[in-house]
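Student: Quick one, fold the following:
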Amino acid sequence: MKEYDQIIAEKGLPHVGQTVRSKKYGTRWRVMEKREVWNNIDPDPKSGEPRMIPAIYLSYWKIEEGSPPGVGKMMGFLYTLYDNTFLLNWDIIA
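Tutor: From the prediction side, this is the model:
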């Protein structure tokens, strides 16, 4: 399995077009974009060489009643195999 596919499968990330809900605020967001990227991590302690790991970048658009699609607040986050931030902060609702 590709590293990026593994991140999506293990972390239960949503697909583009799906709606998620913030666990903290209860707001609804639509996934607008998914990108395969590299995330910088701490340099190697022995050699000092920079290191990078694969990550998935998801951008979200806030769904607000009365606003046309695509207008309003947007934000994005990186997800890797080594964090649980998606499961801690979001619920997939559609």
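Student: mind checking pLDDT for S47?
Tutor: We have a pLDDT of 87 for S47.
Student: Distance of it relative to W38?
Tutor: Applying CB to CB, to the nearest Å, the value for S47 to W38 is 19 Å. For glycine as for every other residue, the C-beta is placed from the backbone atoms N, C-alpha and C.
Student: So which residues of this protein form strands?
Tutor: With strands called from DSSP state E, the chain shows them at 19-22, 28-41, 51-62, 74-79, 90-92.
Student: Out of those strands, flag the one nearest Y4.
Tutor: Ranking those by their distance to Y4 (criterion: CB to CB) puts strand 28-41 first, at 4.6 Å.
Student: The closest one pairs with which strands?
Tutor: The strands that strand 28-41 pairs with in its sheet are strand 19-22 (antiparallel), strand 51-62 (antiparallel) (by DSSP bridges).
Student: Could you check the pLDDT of the residue nearest the centre of the chain?
Tutor: In the chain, the centroid-proximal residue (CA atoms, centre = their mean) is L58; its distance is 3.8 Å. Predicted confidence (pLDDT) at L58: the value is 98.
Student: got the strands of the chain as a markdown table, with distance to I7 columns?
Tutor: Converted to a markdown table, the strands of the chain look like this (distance: least, CB to CB, whole Å):
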| stretch | distance to I7 |
| --- | --- |
| strand 19-22 | 16 |
| strand 28-41 | 9 |
| strand 51-62 | 5 |
| strand 74-79 | 6 |
| strand 90-92 | 15 |
